[in-house]
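S.K.: Quick one: sequence and predicted model below, then my questions.
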Amino acid sequence: MNSGQGRIVALDYGRRRIGVAVSDPGRVLASPHSTIEHRSAAGEPPAALLELLKQLDPTEVLIGIPLNMDGSEGAMVVEARRFGIRIGELLELPITERDERLSSVEADRRIRESGLSRGKRREKGRRDMVAAAVLLEDFLAER
């Protein structure tokens, strides 16, 4: 696999919702894609997400790791990490972890500045998929 080719999917893991963002195949642009609602067991990916990943056909999955502001790891880090590992096992894809601190703050800023109506800005899941896009944009910019 050429590391510069193929779509990357970024996931912003949460206990109720998973934000999804996707890159273009050339890995230049990152776009918010969707949100998957779930109530699955901790760390177990929901079937809807696995099906979406199969459809998007990424060559890599980026998983946000919610470190504490001081860089320490809490319970959510363990869950997100287990979740990413499980996706990698089930779909035989490389998983890359990325610190997601402040991605939700940046997502909120972008949503406020987007010009969307108040109702659209407050739609459940919008923050999650925009946070996934922020995570992916930062990752692509570093490469």
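M.R.: Ah, there it is. Owing to the predicted nature of the structure, the values given are computational and were not obtained by experimental measurement.
S.K.: Wait, R98 touches F139, no?
M.R.: Yes - if you go by C-beta atoms under 8 Å, R98 and F139 touch, sitting 5.7 Å apart. C-beta: built from backbone N, CA, C; applies to glycine.
S.K.: right, and the helix or strand after the lowest-mean-pLDDT helix or strand in the chain?
M.R.: Lowest mean confidence among the helices and strands of the chain (mean pLDDT, DSSP states H and E): helix 118-121, at a mean of 62. Downstream of helix 118-121, the next assigned helix or strand under DSSP states H and E is helix 126-142.
S.K.: buried ones in that following helix?
M.R.: By neighbour count on 16 or more other C-beta atoms under 10 Å, the buried set for helix 126-142 is 126-140.
S.K.: For I8, list the residues it contacts.
M.R.: Counting by C-beta atoms under 8 Å, 6 or more residues apart in numbering, I8 makes contact with 22-23, 27, 58-62, 136, 139-140.
S.K.: The protein: helices as residue ranges?
M.R.: In the chain, the helices defined using DSSP state H lie at 47-56, 75-91, 103-112, 118-121, 126-142.
S.K.: which of the ones you listed is buried the deepest?
M.R.: helix 126-142 (a mean of 22; mean count of other C-beta atoms under 10 Å).
S.K.: what distance separates the start and the end of stretch 19-27?
M.R.: 19 Å (C-alpha to C-alpha, to the nearest Å).
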